[in-house]
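Engineer: give me a 3D structure for the following:
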Amino acid sequence: MTDAPPDFTPDRMTYIRSHATLAAVAMAGGMIILWAVGNPYVWTGAIGGLAAVIVRGWYLMDEELAQGWALTDTGLKGTNLRFAGFDEIAKLRSLGSAVQIITNGGDKHLIKYQPAPDDTIARITTAMRAAGHVL
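Structural biologist: Got it, this is the predicted structure:
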């Protein structure tokens, strides 16, 4: 395996959109929880949820956007020495803006923040077929 540039890198706008959705859910969840416990300041749940997601998103952005996956002749090579061989891949599926790789051994990997997860799956499937492997 050679070190090739990643074929699947996280998309910055997809990262931001995913966090905007997460913020909306966190804001609603915070407000519902405060309402359920009888807190008269329900609106603070929205501020807390928004603040938590903004801080998390800002703090992890550089790290998350540096994670990439490259197609090799034998599989998918990710950052941090992650590898999923074509002969080990049992299932590919999209989860929001991510593509989940499930191996025969039960290992799970995510190719995160893909602008078009179905296209990512199609490219991987095409590479698998070219290498003689079929899901």
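Engineer: which residue packs closest to the residue nearest the centre of the chain, ignoring adjacent ones?
Structural biologist: With distances taken as Cα atoms, centre = their mean, the chain has K112 as the residue nearest its mean C-alpha position (2.6 Å). Computed as Cβ to Cβ, 6 or more residues apart in numbering, the closest residue to K112 that is not its neighbour in sequence is A98, at 4.7 Å. The C-beta positions use only the backbone N, C-alpha and C, and glycine is treated the same way.
Engineer: which residues are in contact with the one you found?
Structural biologist: A98 sits next to 110-114, 117 when contact means Cβ atoms under 8 Å, 6 or more residues apart in numbering.
Engineer: and what of Y41?
Structural biologist: Contacts for Y41 (Cβ under 8 Å, 6+ apart) come out as L34.
Engineer: so what's L81 up against?
Structural biologist: L81 touches nothing, counting by Cβ under 8 Å, 6+ apart.
Engineer: how many neighbours does G106 have?
Structural biologist: 7 (other Cβ atoms under 10 Å).
Engineer: can you tell me how far it sits from I54?
Structural biologist: 35 Å (Cβ to Cβ, to the nearest Å).
Engineer: try T74
Structural biologist: For T74, the distance to I54 equals 40 Å [Cβ to Cβ].
Engineer: SS state for I101?
Structural biologist: strand (DSSP: H, G, I helix; E, B strand; the rest coil).
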